[in-house]
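> kindly return the folded structure for what I paste below:
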Amino acid sequence: MKPVTQGIVGSLMSSVGFATLDSAGKALIETMDITSMLVLRCVAVMMVIVITLALMGQLGQLATRAPGLTLLRSVLFGLTGVLVILALKHLPLADAIGLYFVSPVWTVLLGAPLLGERITRNALIAALIGLTGAWLLIKPGSGGLDIWSLCALAGGITGAIQDIYARRLRGLTSPAGLLFWGMAAIIPMSLVVLEPDKAGLPQGHEIPLFALNVAAAILAYFFAAQSFQKAPARLIAPLRYLNLLWAVLLGWALWGTVPGPLQTLGMALIVSAGILCIRESRN
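Numbers count the residues shown, from 1 in each chain. Modelled structure (predicted):
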């Protein structure tokens, strides 16, 4: 299988993982402290990575030949995780994911200064369409522009940059290494906002949700890193809009959340921006 094909398959796999991760996380933080969940998830994912690599005799995959860049990417990864989980706590699933997933448009735009990829007129048009869709998802005029919406938008920008750095680190840090050090970076950031009186382990029905959350995180983040290392960012980034469709379907199935006309138009515009990016990536 060619590297580009591997990247596309990895992106599709990560889309399922991300949608499942966000849905399971949304359900879990309704009863469990958000910071506790985030920290425990990171610890669990790191343990799974170490045990799996040890059994395979490949612990060397945790090493990096670019420690400074890997550290920067890990900090951005951690910041993105905290911003997105805060948005999920306070926004409907489709809104939070829709706002965050302006990220692929930012990836195309920032790919020029950070990866040397050219920006064309179609890329700029796609960016404007995507941002317009994001504003419609915020529900302008209804008091929707709040701190949690801004968290999701900011997470989209930091997420785009960390995806670009995943591309720059190909051959220097493995996808497993990127995932491990990214999770390690989230822990201290989360502890800053930890409320000790609310901290606790998952209980009862929270346990299977937490297990699903951990499995989905591994699937999502590992294959996302792999996809950006295997194929150009301009091709992989737009494919991540598939997460939006999964998020809407899961939001409807689990919570009965039906997007209104403005939100539906916003999602349509964001998906249209992704299609433009895909067409542009073929040039």
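> just for the stretch 151-283 of the chain, where's the confidence low?
For the stretch 151-283 of the chain, residues meeting the criterion pLDDT under 70 lie at 193, 241-242, 244-245, 249, 254-255, 274, 277-283.
> show me the strands in it, by range?
Per DSSP state E, counting those that start in this stretch, the stretch 151-283 of the chain carries no strands over any range.
> do you have the helices of it handy? List them.
In the stretch 151-283 of the chain, the segments counted as helices under DSSP state H, counting those that start in this stretch are 175-192, 206-230, 233-239, 242-255, 261-281.
> those: which one's closest to I97?
Taking Cβ to Cβ, helix 242-255 is the member of these nearest to I97, at 4.0 Å. No exception for glycine: its C-beta is placed from N, CA and C like everyone else's.
> ok so, going back, hey, which of the helices of the stretch 151-283 of the chain is tucked in deepest?
helix 233-239 (a mean of 25; mean count of other Cβ atoms under 10 Å).
> now do that one: which elements does it pack against?
helix 3-28, helix 103-115, helix 147-168, helix 206-230, helix 261-281 (3 or more Cβ pairs under 8 Å, 6 or more residues apart in numbering; DSSP states H and E).
> need the ones you listed in CSV (columns: distance to L136).
Below are those laid out as CSV (distance: least, Cβ to Cβ, whole Å):
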stretch, distance to L136
helix 3-28, 20
helix 103-115, 14
helix 147-168, 12
helix 206-230, 26
helix 261-281, 3
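> closest to A237 out of these?
Nearest to A237 among these is helix 103-115 (3.8 Å), distances taken as Cβ to Cβ.
> got the angle for that closest one vs helix 261-281?
Inter-element angle recorded for helix 103-115 and helix 261-281: 40 degrees (by axes from the mean of the first three to the mean of the last three Cα atoms, to 10 degrees).
> run the chain-centre distance for helix 103-115.
Counting by Cα atoms, centre = their mean, to the nearest Å, helix 103-115 is centred 15 Å from the centre of its parent chain.
> any idea of the mean pLDDT for that helix?
When pLDDT is averaged over helix 103-115, the result is 79.
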